[in-house]
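Undergrad: Mind looking at a prediction? Sequence and model below.
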Amino acid sequence: MAEPAEDTIPSAREQVMASLRAKRAVCVDSITELIGNTPLVRLRHIEAECPGVELWAKCEFCNPAGSVKDRAALFIIRKALANGDIRPGMRLLDSTSGNTGIAYAMVGAALGVPVTLVMPENVTVPRKQVTTAYGVEIIYSSPMEGSDGAIVLARELAEQHPDLYFYPDQYSNDANPGAHYATTAPEIWEQTSGKITHFVTGIGTSGTVVGTSRRLHELNPAIRCVAIQPDDAMHGLEGMKHLPSSLVPQIYDESVLDDTIWMSTDDGWDMSDRLAEEEGLFVGHSSGANVAGALKLGRQLAEKGERGLIVTILCDRGDRYFAPLKWEKHYVW
């Protein structure tokens, strides 16, 4: 075979420039355009415990406000603006245990929508500080009543002040699962080239598991969609709901689910530690519970000699659960 002419061989600089063009940084008009299209990472060390089964995790902490809730917040606020639900002088009001509040705060700031959040007084300090940094108003509900107490208080405030607050109610707003139906599921399908066999994630508002499962079943009815719930009402998996002891979200649709895995707090926390130490993924405890559920499912398949490709969700980063150093506007040098 003849050697290529010297003047046709790309120089080192041309090769570098071609590589950069192939990986060109995204240029957008608004930070909201960076929501979605998150990476999918293979958990090669964890999946070694279930030979023949691949474990993949969608890195939702890569969203600009740091969690899976960015998707729902964007769809909910866009829907409200399109419908004229948020009039001049009004504020968006909703209940949250943390991540949705941060997402609302970021999207609201980007789109010029004032935000008021009702959250349990005992949510983590980082979540309180991050939402405050975006300029939102926070109203605290009883720490003893959890996320359900925040829901009740938000409903009361919306009823008392209908001209001041627009209450989208993430627990009953179809834009919540709609966000995952429209974006999360198609992304997973494309990223796995349609080879996904199982989808598993936890129930909070239920938007992620319901919307994603509904669309994946449409794309391939053979895909098994599995929900994860804490196995105890007094659990420590922040952001997850134990439905038997909670207000069941209106958007929850059990018909799109094939099974439920009951998860202990210890197993979720232990897997969070493993993900950091073995995969380099520093994520929160709900993410740990999701991966623990995926691994449990993978082991079941491996024991039966079956193959599979399981996808789960990494909801947020682990540093969201740490108390950061306090920063001040004035410093003493």
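TA: Everything's here; your move. Numbering: from 1, shown residues only.

Undergrad: Endpoint to endpoint, stretch 54-70 covers what distance?
TA: Using C-alpha to C-alpha, to the nearest Å, the span of stretch 54-70 from its first residue to its last is 27 Å.

Undergrad: Stretch 234-253 now?
TA: For stretch 234-253, the separation between the terminal residues is 24 Å (C-alpha to C-alpha).

Undergrad: Equivalent analysis for stretch 108-122, please.
TA: Taking C-alpha to C-alpha, stretch 108-122 runs 24 Å from one end to the other.

Undergrad: how about it: buried residues?
TA: Neighbour counts over stretch 108-122 (16 or more other C-beta atoms under 10 Å) mark 108-111, 113-120 as buried. For the C-beta atoms, the positions are set from N, CA and C on the backbone; glycine is no exception.

Undergrad: How about stretch 142-153?
TA: Using 16+ other C-beta under 10 Å as the test for burial, stretch 142-153 gives 146-153.

Undergrad: what pLDDT, on average, does that stretch get?
TA: Averaged across stretch 142-153, the pLDDT comes to 87.

Undergrad: what do you get for stretch 313-325?
TA: 80.

Undergrad: just to revisit the earlier point, can you tell me which of the buried residues of stretch 108-122 end up in strands?
TA: 115-120 (DSSP state E).

Undergrad: can I get those residues in CSV with distance to T192?
TA: Listed next are these as CSV, based on distance: C-beta to C-beta, whole Å:
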residue, distance to T192
V115, 35
T116, 39
L117, 35
V118, 38
M119, 35
P120, 37
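
Undergrad: of those residues, closest to G84?
TA: Nearest to G84 among those: V115, at 17.8 Å, using C-beta to C-beta.

Undergrad: Settle this for me: the closest one is touching T132, isn't it.
TA: No - contact criterion C-beta atoms under 8 Å: V115 and T132 do not qualify, at 11.2 Å.

Undergrad: What about L74? Give its phi and psi, please.
TA: Backbone torsions of L74, given as degrees, to the nearest 10, read phi -60, psi -50.

Undergrad: That one: neighbouring residues, count only.
TA: Residues lying near L74 (other C-beta atoms under 10 Å) number 26.

Undergrad: mind listing what it touches?
TA: Contact analysis of L74 by C-beta atoms under 8 Å, 6 or more residues apart in numbering lists 32, 35, 103, 107, 179.

Undergrad: Try it again at 7 Å.
TA: Taking C-beta atoms under 7 Å, 6 or more residues apart in numbering, we find L74 in contact with 32, 35, 107, 179.

Undergrad: Same question for P120.
TA: 97, 141, 143, 146-147, 149-150.

Undergrad: Quick check: which ranges of the stretch 1-150 of the chain have low pLDDT?
TA: Scanning the stretch 1-150 of the chain for pLDDT under 70 picks out 1-24.

Undergrad: residue boundaries of the helices in it?
TA: Ranges of helices within the stretch 1-150 of the chain are 12-22, 69-83, 99-111, 125-133, 146-160, based on DSSP state H, counting those that start in this stretch.

Undergrad: can I get these in JSON lines with distance to K195?
TA: Compiled in JSON lines, these are given as follows (distance: least, C-beta to C-beta, whole Å):
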{"stretch": "helix 12-22", "distance to K195": "24"}
{"stretch": "helix 69-83", "distance to K195": "23"}
{"stretch": "helix 99-111", "distance to K195": "29"}
{"stretch": "helix 125-133", "distance to K195": "36"}
{"stretch": "helix 146-160", "distance to K195": "36"}
